[in-house]
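Undergrad: Here is my input; please provide its structure:
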Amino acid sequence: MAGDSEPESEVFEITDFTTASEWERFISKIEEVLNDWKLIGISSGKPLEKGVFTTGAWEEKLDEISFADFKFSITHHYLVQEPSDKDGKEELVEDALPLPMQDLLCMNNDFPPRAHCLVRWYGLREFVVIAPAANNDAVLSESKCNLLLSSISIALGNTGCQVPLFVQIHHKWRRMYVGECQGPGVRTDFEMVHLRKVPNQYTHLSGLLDIFKSKIGCPLTPLPPVSMAIRLTYVLQDWQQYFWPQQPPDIDALVGGEVGGLEFGKLPFGACEDPISELHLATTWPHLTEGIIVDNDVYSDLDPVQAPQWSVRVRKADNPQCLLGDFLTEFFKLCRRKESTDEILGRSAFEEEGKEVADITHALSKLTEPAPVPIHKLSVTNMVHSAKKKIRKHRGVDESPLNNEVLNTILLFLFPDAADKLADGFESRTSASAGNNPPPENEDYNLFSQFKSAPSDSLTYKLALCLCMINFYHGGVKGVAHLWQEFVLEMRYRWENNYLIPGLANGPPDLRCCLLHQKLQMLNCCIERKKARDEGKKGSVFDRSPGGDTGRGADHSGDNPDKEKEVGKSWESWSDSEEEFFECLSDTEDLKGNGQENGKKGGAKEGNKEPVNIKPEGRLHPHGKLTLLHPGEPLYIPITQEPAPMTEDLLEEQSEVLAKLGTSAEGAHLRARMQSACLLSDMESFKAANPGCCLEDFVRWYSPRDYIEEEVVDEKGNIVIKGELSARMKIPSNMWVEAWETAKPVPARRQKRLFDDTREAEKVLHYLAVQKPADLARHLLPCIIHAAVLKVKEEEAVEDISSVKKIIKQIITHSSKVLRFPNPEDKKLEEIIAQIMSVEAIIARARSLKAKFGVEKCENEDEKEDLQRFVNCLLEQPEVSVLGAGRGPAGSIIHKLFVSAQRLTESSDEVSAAPPLDEELRRSGSSEERRLNAGAVSDFPPPTGREVILRTTVPRPAPYSKPLPQRMYSVLTKEDFRLAGAFSADTTFF
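TA: Next up is the predicted model:
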């Protein structure tokens with residue numbers, strides 16, 4: 001075996017000289033990609049329609065190939081078109097030119113406003129580009145360039161591909177391409193010249209014609225006529241004659257505190273600088289024949305006013321400074337701050353050594369002193385005087401982030417009920433501002449539920465706007481911290497003095513709103529309960545809430561010793577404490593209940609002598625015609641306690657506690673007991689209101705579905721209705737039966753309170769006090785985004801821009817997805833703010849263009865509509881044709897803009913001597929007169945860009961060759977000159 005294997009190993013050592021070289025492998029890879037993309041064979045398609053390069057969809061395919069270890073990217077760019085009929089394809093096969101060669105002569109899509117550079121230069125609908133894969137790689141040497149050209153030539157020949165193939169050479173910024181296109185018996189070479197400095201002979205049309213003809217080298221005489229398309233572009237940069245309409249806010253007035261309250265409720269809007277930096281006017285002569293026009297180094301017929309086609313594009317300022325965007329961005333930056341309010345304002349800002357002891361004593365004295373007399377005057381200065389004194393002690397008055405005027409203005413805006421008014425008038429205003437009016441049912445108002453912010457007429461929303469303005473104009477984060485400190489003090493002041501918070505809807509916290517809004521609503525609920533208890537409204541309906549009284553109101557029932565024994569605490573001692581620090585039986589409810597019973601039934605006062613009541617207590621009203629099953633007396637609906645209102649964080653906390661109890665029987669039982677506190681309270685109230693009742697009676701009122709009635713025939717043959725509890729109520733030891741057995745007949749007024757308003761209020765006030773400015777900004781950012789969207793909608797309604805309407809809808813959809821969840825990602829919030837800023841910039845551009853084109857000043861309605869349409873198109877399209885060119889309404893305005901800019905470039909003496917603008921325009925009628933008038937300045941500056949396309953069809957290289965398309969594109973700017981030529985030759989008859 002060893003002997004056999006030796007000759008085999010010698011065979012493997014033979015060098016195979018037929019192995020493909022790197023160059024051949026490279027060509028093979030190109031062919032492979034062309035095959036994969038199905039670019040082999042005859043290309044066919046319909047003639048290009050006008051404007052299709054701009055309106056049509058362009059797509060590209062990308063692949064990677066390598067020459068040895070040098071990587072190239074190969075990209076197929078093509079215009080998406082409907083496939084053509086096969087019959088037509090068969091007819092074209094025999095004699096037709098390849099489609100790219102036909103496209104060279106097509107004049108429908110010259111100078112497309114937005115397209116790949118090769119599309120603009122050669123008018124191609126499809127091509128393939130091979131370029132170095134890395135951005136810093138470049139093909140610089142001539143030999144490498146020729147090697148690549150040879151490669152694509154061989155690949156095209158081998159595959160029969162008729163799509164042009166280009167190779168990018170030199171550095172990428174130069175956009176230099178060479179390429180080739182092959183067809184049956186024909187070939188087109190794509191060549192390019194790119195120079196920084198323009199030779200003088202090529203700055204005009206006659207010089208370009210000379211180079212084009214010499215390059216063609218046509219042997220025929222006379223030479224077939226050359227068709228030309230010319231475009232001159234003029235740039236208007238000087239807008240001085242049109243002041244930018246957006247006036248920035250008067251910052252001095254804002255800082256001085258002269259801003260009215262309404263100003264604090266609005267976000268600013270608009271650009272501080274002109275968002276339109278330049279206007280580009282392109283004047284085009286689309287179809288000219290050689291000899292019709294003269295354009296050389298001494299004279300030119302190319303007068304822009306006489307051009308048959310005008311088109312305009314505007315250059316937008318990069319990231320124009322916009323007020324709303326700045327407000328949002330600055331407020332969002334607060335979210336990233338780490339400092340607490342104390343650290344920002346100074347840790348000792350609200351502390352005083354001597355005063356602190358006095359404050360504690362005063363706090364403790366509340367246990368023994370009678371309730372304070374209500375303060376009849378409530379003013380902004382009273383609200384915050386103590387805080388001010390503390391600030392002044394540790395810092396000079398001037399050092400306060402917010403001066404008094406600004407602070408008082410803001411507080412009056414937030415709390416309009418805080419002006420110097422009598423306390424009795426205060427109540428009616430509070431109830432009106434607390435949300436009794438039905439909210440407007442429209443889409444904009446209900447945005448808060450999508451954004452999880454707050455209603456646009458709420459205190460939370462106003463607070464967000466004020467903090468946003470203070471952050472921008474009045475001391476940044478220090479001003480925010482200062483206002484928040486004052487706001488928290490105001491909340492405590494209102495809690496201690498029973499003043500409802502304005503601008504909040506009645507009822508429990510609205511879980512559709514942000515957490516801060518819910519907390520304020522919770523505090524309002526606490527104030528409402530405390531106020532009702534302290535005022536002791538005897539005749540009012542119980543309102544399913546544990547009412548009460550403090551102070552003098554207790555005297556009316558304080559003489560009932562039996563009741564005191566029952567609860568184990570005197571009326572006076574309870575009311576004096578104001579229930580500030582206790583969780584106890586809410587005895588004052590007895591007072592309220594007694595007041596009601598006195599109004600309804602005599603003798604209810606004595607009804608409490610026994611622990612188990614014989615006489616009914618706490619009745620609200622009879623329940624229709626229902627009667628108790630056993631005594632047969634009417635069934636009364638009891639006065640019950642209102643379930644405790646809860647914010648979303650408390651609900652979450654509660655659900656976590658319940659979840660931690662686990663799934664064991666004991667855990668489930670404990671969970672059920674925790675959840676049945678309200679049920680037990682209602683059962684006790686029901687027993688008190690309906691002596692002698694049973695569980696079935698309670699179920700008939702509380703859960704009618706759990707009491708099943710059916711008709712049965714009794715012993716005497718009469719049909720009677722018999723009822724029984726549902727199956728779930730009959731389960732042994734179920735929660736309802738257990739609760740019913742443990743429930744005592746205690747009316748709601750003597751039960752333990754389900755909702756301890758004092759404890760909850762203190763929790764809310766503590767929560768507010770520990771919020772850092774960053775936390776506050778996070779809470780209120782949805783409100784600011786909500787306000788910004790409403791502002792943008794309001795501004796867009798004035799301008800009526802369809803594209804902006806679509807973007808606003810997208811912003812609302814996006815925002816509602818992001819803001820619905822707690823703690824959204826910063827990146828997503830930044831995206832929303834960027835979208836709002838882009839809309840603001842678009843509206844600012846629309847206003848800028850309206851001002852420049854005098855849309856509002858136009859008296860002719862038809863012209864006004866045309867101008868409005870023209871302005872809207874400028875915003876949405878890359879380039880807009882001017883109807884009537886220089887003679888249409890828009891054209892004449894553009895002409896005046898250029899003339900005005902030209903006149904501004906003259907010296908002041910010349911300007912003073914010049915005739916009025918309109919007169920000059922009328923006087924200089926024809927181009928000849930304008931040109932010959934030596935004293936007048938030209939209406940237009942020298943063109944910024946000159947583009948020329950020359951085309952012809954000639955036999956090449958010999959007189960008997962097939963006539964083939966030849967094309968040369970030239971572009972000349974201040975620092976750039978480019979010639980892009982496509983020259984075809986007959987490869988059969990040469």
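
Undergrad: low-confidence ranges in the stretch 651-800 of the chain?
TA: Where the stretch 651-800 of the chain drops to pLDDT under 70, the residues are 660-675, 712, 714-717, 719-720, 733.

Undergrad: Can you show me the helices along it?
TA: Using DSSP state H, counting those that start in this stretch, the helices of the stretch 651-800 of the chain run over 665-675, 677-689, 695-702, 735-742, 757-769, 773-799.

Undergrad: any low-confidence regions in the stretch 1-150 of the chain?
TA: For the stretch 1-150 of the chain (pLDDT under 70), the answer is 1-18, 83-95.

Undergrad: all helices for it, in order.
TA: Under DSSP H, counting those that start in this stretch, the stretch 1-150 of the chain gives helices at 2-12, 22-36, 52-55, 86-92, 99-105, 117-122, 142-159.

Undergrad: pLDDT score assigned to residue 171?
TA: Note on residue 171: pLDDT of 91.

Undergrad: what's the neighbour count on the closest residue to residue 734 other than its chain neighbours?
TA: Counting by CB to CB, 6 or more residues apart in numbering, residue 734 lies nearest to residue 728, which is 6.9 Å off, once chain neighbours are set aside. Bear in mind the C-beta positions are built from the backbone N, C-alpha and C, glycine included. By other CB atoms under 10 Å, 10 other residues sit near residue 728.

Undergrad: Surely residue 728 is in contact with residue 707?
TA: No - checked against CB atoms under 8 Å, the pair residue 728 and residue 707 is beyond contact range at 11.7 Å.

Undergrad: How much space separates the residue nearest to residue 734 from residue 699?
TA: 11 Å (CB to CB, to the nearest Å).

Undergrad: Repeat that for residue 807.
TA: The value you get for residue 807 to residue 699, if CB to CB is used, is 56 Å.

Undergrad: same deal with residue 72?
TA: Using CB to CB, residue 72 is found at 83 Å from residue 699.

Undergrad: what about those two, which has more around it?
TA: residue 72 (23 against 19).

Undergrad: ok now do the more buried one, which residues does it touch?
TA: 64-66, 130-133 (CB atoms under 8 Å, 6 or more residues apart in numbering).

Undergrad: Ramachandran coordinates for residue 57?
TA: phi -100, psi 130 (degrees, to the nearest 10).

Undergrad: residues near the nearest residue to residue 870 once chain neighbours are set aside, how many?
TA: Sequence neighbours aside, residue 890 is the residue nearest to residue 870 in space, at 4.9 Å (criterion: CB to CB, 6+ apart). Using other CB under 10 Å, residue 890 has 24 other residues around it.

Undergrad: what secondary structure does residue 890 sit in?
TA: Of the three states, residue 890 takes helix under DSSP: H, G, I helix; E, B strand; the rest coil.

Undergrad: got it, and the one 4 residues further on?
TA: Here residue 894 takes the helix state, with states given by three-state DSSP.

Undergrad: From residue 627, how far off is it?
TA: 90 Å.

Undergrad: Comparing these two, which residue is more hemmed in?
TA: The residue with more neighbours, out of residue 894 and residue 627, is residue 894; 23 against 14, by other CB under 10 Å.

Undergrad: quick one: contacts for the more buried one?
TA: Neighbouring residues of residue 894 by CB under 8 Å, 6+ apart: 236, 279, 281, 310, 312, 882, 886.

Undergrad: before we move on, back to that, in CSV, list the helices of the stretch 1-150 of the chain along with mean neighbour count and distance to residue 509.
TA: Listed next are the helices of the stretch 1-150 of the chain as CSV, based on neighbours: other CB atoms under 10 Å; distance: least, CB to CB, whole Å:
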stretch, mean neighbour count, distance to residue 509
helix 2-12, 7, 85
helix 22-36, 17, 63
helix 52-55, 16, 54
helix 86-92, 11, 71
helix 99-105, 22, 68
helix 117-122, 20, 61
helix 142-159, 16, 72
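
Undergrad: what's the closest of those helices to residue 223?
TA: helix 99-105 (16.4 Å; CB to CB).

Undergrad: what number of residues lie near residue 781?
TA: 25.

Undergrad: Buried residues, the helix or strand hosting residue 310. List them.
TA: Here residue 310 sits within strand 309-316, counting by DSSP states H and E. Residues of strand 309-316 classed as buried by neighbour count (16 or more other CB atoms under 10 Å): 310-314, 316.
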